[in-house]
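Q: Here you go, sequence then predicted model.
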There are 2 protein chains.
Amino acid sequence: MQKIFIIGAGLSSSTLIKYLLDNSDEHNWKILIGDISEETAKKKVNGHPNGEAIKFDINNAELRNKLISEADIVVSMLPASMHLSVAEACIQFGKNMVTASYVSDEIKALDQQAKDKNVLLLNEIGVDPGIDHMSAMQVIDRIKDKGGEITEFESNTGGLVAPKYDNNPWNYKFTWNPRNVVVAGQGTASQFLHNGKYKYIPYHKLFERTERINILDLGEFEAYPNRDSLMYREIYGLDNVETMFRGTIRRPGFSRAWNVFVQLGATYDNFIYEDSENHTYKQFINSFTKYCVKKNVEQKIAEYLNVDPDSAIMYKIRWTGIFSDEKIGLKKATPAKILQHLLEKKWKMDEDDRDMIVMQHKFVYKLNGEKKRLFSSMIVYGEDQTHTAMSITVGTPVAIAVKMILNGKITAKGVKIPIEKNIYEPILKELEDYKIKFVEEEIDWKEKETGV
Amino acid sequence: MQKIFIIGAGLSSSTLIKYLLDNSDEHNWKILIGDISEETAKKKVNGHPNGEAIKFDINNAELRNKLISEADIVVSMLPASMHLSVAEACIQFGKNMVTASYVSDEIKALDQQAKDKNVLLLNEIGVDPGIDHMSAMQVIDRIKDKGGEITEFESNTGGLVAPKYDNNPWNYKFTWNPRNVVVAGQGTASQFLHNGKYKYIPYHKLFERTERINILDLGEFEAYPNRDSLMYREIYGLDNVETMFRGTIRRPGFSRAWNVFVQLGATYDNFIYEDSENHTYKQFINSFTKYCVKKNVEQKIAEYLNVDPDSAIMYKIRWTGIFSDEKIGLKKATPAKILQHLLEKKWKMDEDDRDMIVMQHKFVYKLNGEKKRLFSSMIVYGEDQTHTAMSITVGTPVAIAVKMILNGKITAKGVKIPIEKNIYEPILKELEDYKIKFVEEEIDWKEKETGV
């Protein structure tokens, strides 16, 4: 009997846990689920005889070491910043570990130690990062194997409400952590490569620098640059690529409207808005405009940001309720927290709503003297409120990776992300059984043009 | 004989050290000057029999404790982030301490400990912060003593090149730490109060939100908001003030041109520009624009930021040399470092150039049912390259404070800034002997109008 220890039983763990429990009899697995809330962990086990739920605090070093030392494999579904102590304990006790998070510099630094102890720390095996890496590398390797040379690579991913339930002017609802959406893009500049030129975009310009894309039969979307695309040149082995772009997908018009909040300063998270408890949303948004007694807040914003007051942009802003006299009611809140609080009411998924994950890669390559263009697109819909598209696309590849490590089909050691053929091939293959698959289109240069 | 220990012998210490050495015979002072460079410390002592120079590293705890325990008073002219260990040692050994820096939260937290040990930690006694506090408080207290009520307070300060030497299109040269100028305003939003309304301005809007001011016979200037003005309501005892604004002074037109660099992202300091060693300045600035083969960089910037290509703004930008094919030649540099490197050549003070510090407070108050407006302005010119206006205005009040603490004329204990009458009155009085004085103008409402 093999023991799987899953740390963190939040929304993102639902499908992961279900997959492992569903397959536990066949593979003789015992699955221990630890969460800061025993209640949450118990719900996920749902009385399954091969599952066990416990209250688990990552800061309890004694219990952490005990449970990791008793496990055969550890899956950390904690927030990215909390993986390090788990990874260190996994190395100490010689246990393999899987996460769906970006590899931090601290985790990266454990590579040699992990190899010395014959341990695999497999990261970025959810969705963006995860499925994006695997599906891109599959095409990249295939083109290279045929003797082709990739000159342009673009990859865009987004979590959105499914079209049938898309019924607000932003064409957007929170399908995942609202906070990440409100502060998205903050921090350092986004970086990419366009026709051989380095491009850097500071946060306050990010939502003006979108590109339009078409995805299969879902119509038009837009994508804004996502963090550091440059680093993927090396990771994907695309050292001579001329264009390298990774973006986040929204429906057209979202970014220009969101940019109003960004321009005003209403998305900032590094200062406390004075008296956020008693002020109204209108007072809040007015605090980012110039003082003027002759105009109302809407007029001031339209003028300040040079936006047509009757535009779809201002309609979206008005729709949020930001001009209302309702009290905010949050103590000592940052602008980002206040905006999140407002939007959580407006961008809430209804009980019957379903989400979707859309992903599209674009490859431009030369093969036998000919220039070709290939689009590879994925659409995954949520099943219900538990097995959302996000939970399915994060949890399924993590679960398959766990199985393949336990079965000895993945034998790599050290700190890894799933860019190697022997990792991504079997996982992508099994993902198709779960309706997570890519549709490829070779599209002529005249059609479906995009530009960064 | 009383021993004064000065830590840090950089540019800002020149006038401070000269004042103390000049007065050392009269007061029977021995002055020890420690700097990481013994050379720098020796230059400042300049062979004076009451001065002694030593190599001093603040991280050498043993030497630090020895020298502080032997001193009667300690002056820390280190960067603000390095005061804490000095302050802690001063408390440990019961020594008074003076700095010209903003009080950090860590220093503030030492208040009770300092009081328990009968120690004064006097901070913010240079210029902005320093002379601004003292001169503002003098007028505030005077108006209050007469029964007046202050409804508006604005205070602006700037370090600039003196008019006679002001000969470039930006009307600006580096008279102080260039880095601070390049990254000025970054971090959190600037905050102030305008006619009872809270106003927050994020960094990317800061240089569009200037106001015009006139200072005595020097003509027009502009001021952009400086950090958190709100906190000074309480500090200055202006709890019912309707307008509270602190700003940084430049000559008109500077901010709109600087805003071009801010908008592009070229002032950011939180990422490394790829291959900064071999790229040219033109490549660097182009990396912040959109890709387009049909327009040159200047045209692209003008269009991207909606600036007239033939405007004074674009003339200033062109004048910096940012469109040149010269190699940057800096390894692994951030945009801020690259821009600083370029501007250090163009905004350099020539040997004969002199700087100036300008400061202006505006008070609007009600007295006997009448609404009044008072401007209080200071202009200080540099004497030479050592005793710059900045060095004079920072060093002189620090030196006078040291003298008054040693003489027992300042007897306060705990963590202080110079807002109390018994501290600011004697210091402001003596500052007049050094040509650091304020000119007051009661100006009618029709004249000299300003707006935030």
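A: Good, I have the coordinates.
Q: how distant is the helix or strand containing A:Met356 from the center of its chain?
A: Following DSSP states H and E, one finds A:Met356 within strand A:355-367. With CA atoms, centre = their mean, to the nearest Å as the basis, strand A:355-367 stands 16 Å off its chain's centre.
Q: which helices and strands does that strand pack with?
A: Packing partners of strand A:355-367 (3 or more CB pairs under 8 Å, 6 or more residues apart in numbering or on different chains; DSSP states H and E): helix A:131-145, strand A:149-161, strand A:243-250, strand A:370-381, helix A:389-406. The way it works is simple: take the backbone N, C-alpha and C, and place the C-beta from them, glycine included.
Q: Going by neighbour count, list what's buried in it.
A: For strand A:355-367, a neighbour-count test (16 or more other CB atoms under 10 Å in any protein chain shown) marks A:355-365 as buried.
Q: cool, stretch A:405-416 as well?
A: The neighbour-count check on stretch A:405-416 (16+ other CB under 10 Å) flags A:405-406, A:410, A:412, A:414-416 as buried.
Q: Make a markdown table from those and add secondary structure, pLDDT and distance to A:Ala114 to it.
A: Compiled in a markdown table, those are given as follows (DSSP: H, G, I helix; E, B strand; the rest coil; pLDDT from 0 to 100; distance: CB to CB, whole Å):
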| residue | secondary structure | pLDDT | distance to A:Ala114 |
| --- | --- | --- | --- |
| A:Ile405 | helix | 97 | 13 |
| A:Leu406 | helix | 97 | 17 |
| A:Ile410 | coil | 95 | 14 |
| A:Ala412 | coil | 94 | 10 |
| A:Gly414 | strand | 97 | 5 |
| A:Val415 | strand | 98 | 6 |
| A:Lys416 | strand | 97 | 9 |
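Q: Farthest pair within the residues you listed?
A: By the measure CB to CB, A:Leu406 and A:Val415 form the most distant pair in the buried residues of stretch A:405-416, at 19.2 Å.
Q: isn't there a helix covering A:Lys300?
A: Yes: assignment of A:Lys300 by DSSP: H, G, I helix; E, B strand; the rest coil places it within a helix.
Q: for chain B, what are the nearby residues on chain A?
A: Residues of chain A lying close to chain B (CB under 8 Å from any CB of the partner chain) are A:187-189, A:191, A:194-195, A:197-205, A:209, A:230, A:263-265, A:268, A:270-271, A:273-274, A:283, A:286-288, A:290-291, A:306, A:335, A:451-452.
Q: Run through chain A and note the low-pLDDT ranges.
A: Within chain A, the stretches with pLDDT under 70 are A:445-452.
Q: Following the record's annotation, map out the domains of it.
A: Using automatic domain parsing, the domain ranges for chain A come out as A:2-122, A:131-255+A:351-387+A:435-443, A:272-330.
Q: Contact partners for the residue nearest the centre of chain A?
A: For chain A, A:Asp128 is the residue whose C-alpha lies nearest the centre (CA atoms, centre = their mean; 4.8 Å). Applying CB atoms under 8 Å, 6 or more residues apart in numbering or on different chains to A:Asp128 gives the contacts A:157, A:359.
Q: From A:Gly247, how far out is it?
A: According to CB to CB, to the nearest Å, A:Asp128 and A:Gly247 sit 10 Å apart.
Q: A:His361 now?
A: Relative to A:Gly247, and taking CB to CB, A:His361 is found at 11 Å.
Q: shared neighbours of these two, anything?
A: Listed as contacting both A:His361 and A:Gly247 by CB under 8 Å, 6+ apart are A:154-155.
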